[in-house]
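Peer 1: show me the folded form of this:
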Amino acid sequence: MGVPSWITTTFADARRASIVVIAGTLDLVDPEGRDALVEAAVHYQRAAREEEPGCEAYCFAADPVVPGRIQVYELWEDHASIAAHFKHPYYEQMKQILGSCGITGSWNQMYEVARHEPV
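Peer 2: Numbering: from 1, shown residues only. Down below sits the predicted model:
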């Protein structure tokens, strides 16, 4: 049995192969407004997926357990793709929508993943 290829990958190769995951939560002042906010963001979620190079997933969804919380999940092909997204008009428009909804708290993280496999 050979050594798995991910173990023998050099750091430089792993860096080129990295994908970027954004994970986060947004908590709203008014839990009743959560679903309307998610609906208002659908256009930008779809546009990012269809029009922005490197966007594999872009999802703002209602948390099924915590009222007033939105779960954020994004998957980007590489760091250059997410950097371009942060300069894209859709990102600015999404920030405006989110800024108008009364966010009381947020947690957002960006992860650079060098190795992944199905589970």
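Peer 1: okay, CA-based contacts and neighbour counts for the rest of this
Peer 2: Noted.
Peer 1: how far does stretch 92-111 sit from its chain's centre?
Peer 2: Taking the mean of its C-alpha atoms, stretch 92-111 sits 12 Å from the chain's own mean (C-alpha atoms, centre = their mean, to the nearest Å).
Peer 1: now do the buried residues in that stretch.
Peer 2: 94, 98, 101 (16 or more other C-alpha atoms under 10 Å).
Peer 1: three-state assignment of residue 64?
Peer 2: Look at residue 64: counting by DSSP: H, G, I helix; E, B strand; the rest coil, its state is coil.
Peer 1: which one of the buried residues of stretch 92-111 sits closest to residue 73?
Peer 2: residue 94 (14.2 Å; C-alpha to C-alpha).
Peer 1: thought the closest one was touching residue 46?
Peer 2: No: applying C-alpha atoms under 8 Å, one finds residue 94 not in contact with residue 46, separated by 11.8 Å.
Peer 1: that older thread, in strands, which of the buried residues of stretch 92-111 appear?
Peer 2: With DSSP state E as the criterion, strands contain none of those.
Peer 1: neighbours of the residue lying closest to residue 55 once chain neighbours are set aside, just the number please.
Peer 2: Distance criterion C-alpha to C-alpha, 6 or more residues apart in numbering; nearest residue to residue 55, sequence neighbours excluded, is residue 76 at 4.8 Å. Applying other C-alpha atoms under 10 Å, we find 24 other residues in the vicinity of residue 76.
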